[in-house]
Each structure stands twice: as structure tokens, then as C-alpha cells.
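Q: the following block contains a protein sequence and its predicted model.
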Amino acid sequence: MLLGIVLITNPWQEVRQDTLLPAASVVAPSAEGAAVHGLAADFQRRWFGSPSLWQPPPIDNTDITNYGVKGSTQRELIASLNAADICKTHGPCAPDPANPGGTAWGLEGANPAVSYVCYSPRTTTVPFREHVLLPRWSPLPLGGVSVALVERWNALLKVIYVHEAGHAAIDAQAIAALNDQAHQQLSCQALYDFWNNPHLYDKRDADQDAYHARLHADCRPEIGCFYAGWMGW
């Protein structure tokens, strides 16, 4: 949706000495004029659709779903993100030693097919899909929130996206490697036993833990990590 841009001229713009008006013609702004100036400045800080809300790009072989958050201030958005309790409603979440409280604002997981048919291990590739859960905030572009809040939201969503996309990449690599190993099995029964091994994902889980450890050791928003308080979050 495109919105027209309304320009409000400042009625108390500074008058320079080299204008056609003599210096004596310059008068101090009245209280009414100052109020008009304040309204104009506040209007310019309001969000009417620009900048756009950032939209996460697609990730290969991944379904991206959303949970809704609401609020017109950063404090309200934080409360809504926490209240969503996605580890409970969409989890359970894998434990993260650096986040013992378990509060998460984004999730990722991979689901290999529950059933498949094997005619030959070499030709049997178990399909899977990645799933990423991200927050979605949908304020109306009618001036009810500030431009600054939209910019902070966009920054937050990008960090959450980068973090979960990193998890998805590790899962995709791990499951591709498992399929390569499964292709080397000598029989379909051996393939079934391979995929049913309770320790099948031990290396993947270790790689995911190592990913968290790397992020906590070098925590930067551009690689999917931020400390509490960054940009007010």
C-alpha cells in the first residue's frame, strides 16, 4: 500500500539576515506557534508506512510461520513477546545454558518424514522440512506508533531471523550427511534401524550447542546474537 507524504512547513523557520526582511521584522515565536512546531515535529516522528516493516526472506526447504505480538511501545512489545511463551506453546525448547530462564522469541526445528518406503538403501532418501517460528507485529500505518519503534522492531526481527536461519543450516547439513550414511546401508532393514537409532542426532545436537557457544563467545546482532538491553530490547 502506498501512502502520500504530507509535508508540514515549519512556520517559525529561522530568518537569515541576508533575506529581504529587515532584522527588526523577526519576532519571537508565540506559544501558539511553538505548539504548532511541536505538533509538526511529533507528526514527523509518527509511522505512516515508511520505513516498511521488514519481511523475512524465504529459506530453502523451510516453512516459516509466525506468532502474533501486539503493542504500540517497546515495553508493550517486549511484554507481548514474553507472554507468547513459545517454548510452551510451540516447544519444548532445547536447553540453552546462557538462557536458563528458557524465554525464546524465535524457534527452529527439523522434521524428517515419519513414514517412507525403502526399495533399496542407495535410492532411499528420507525427506524432511525445516520449520522456523518468528514473531509478527502488524501495526496499522496510521501514525499510532513511532518511526523509531518500527526501526527497532526491524532490527530485532532481523537478528532473530539470522539466528534461526543459522540453526536451520546446521540441521540441513546434518540431515544431508545422515542420508548419505543411510545410502551406504546393506539392506532396507539396516536403513530402518539406522534412522531409528536413539543417538542418531547426537552430533547434530552437539553442533547446535556449539553454534550457541560461538554466538555467546562473540555476541553480535549481525550474526544472530544480542545482549539484553540492545536497542532497548
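A: That came through fine.

Q: got the buried residues for the top strand by length along the chain?
A: Taking DSSP state E as the criterion, the chain has its longest strand at strand 128-137. Within strand 128-137, the residues that count as buried by 16 or more other Cβ atoms under 10 Å are 128, 130-135, 137. Where you see a C-beta, it was placed from the backbone N, CA and C, and this is true even at glycine.

Q: can you tell me the element the closest residue to Ala94 other than its chain neighbours falls in?
A: Spatially, and ignoring its direct neighbours in sequence, Ala94 is nearest to Gln208 (6.9 Å; Cβ to Cβ, 6 or more residues apart in numbering). Remark: Gln208 resides in helix 202-217, with elements defined by DSSP states H and E.

Q: report the beta-bridge partners for the residue nearest to Gly109 when sequence neighbours are not counted.
A: Closest residue to Gly109 apart from its sequence neighbours, by Cβ to Cβ, 6+ apart: His131 at 5.2 Å. Beta bridges link His131 to Asp63, Gly109, judged by DSSP bridges.

Q: quick one: mean pLDDT for the lengthiest helix in the chain?
A: What stands out as the longest helix in the chain, according to DSSP state H, is helix 147-182. The average pLDDT within helix 147-182 is 97.

Q: how about the helix or strand following it: buried residues?
A: Later in the chain than helix 147-182, the nearest helix or strand by DSSP H and E is helix 188-196. Buried residues in helix 188-196, counted by 16+ other Cβ under 10 Å: 191, 194-195.

Q: thinking again about what came up before, Asn61 is in contact with the residue nearest to Gly109, correct?
A: No. The pair His131 / Asn61 is not scored as a contact, 10.3 Å apart, by Cβ atoms under 8 Å.

Q: could you report the neighbour count for Ser120?
A: 11 (other Cβ atoms under 10 Å).

Q: what about this structure, any weak spots by pLDDT?
A: By pLDDT under 70, the low-scoring segments of the chain are 1-43, 96-102.

Q: now with 90?
A: 1-44, 91-103, 110-115 (pLDDT under 90).

Q: check which helix or strand covers Tyr67.
A: Following DSSP H and E, one finds Tyr67 within strand 62-69.

Q: which other helices and strands contact that strand?
A: helix 74-84, strand 128-137 (3 or more Cβ pairs under 8 Å, 6 or more residues apart in numbering; DSSP states H and E).

Q: what does the longest one rub up against?
A: I take that to be helix 74-84. With Cβ atoms under 8 Å, 6 or more residues apart in numbering as the contact definition, helix 74-84 has outside contacts at 67, 69-71, 103, 105, 135, 137, 149, 152-153, 232-233.
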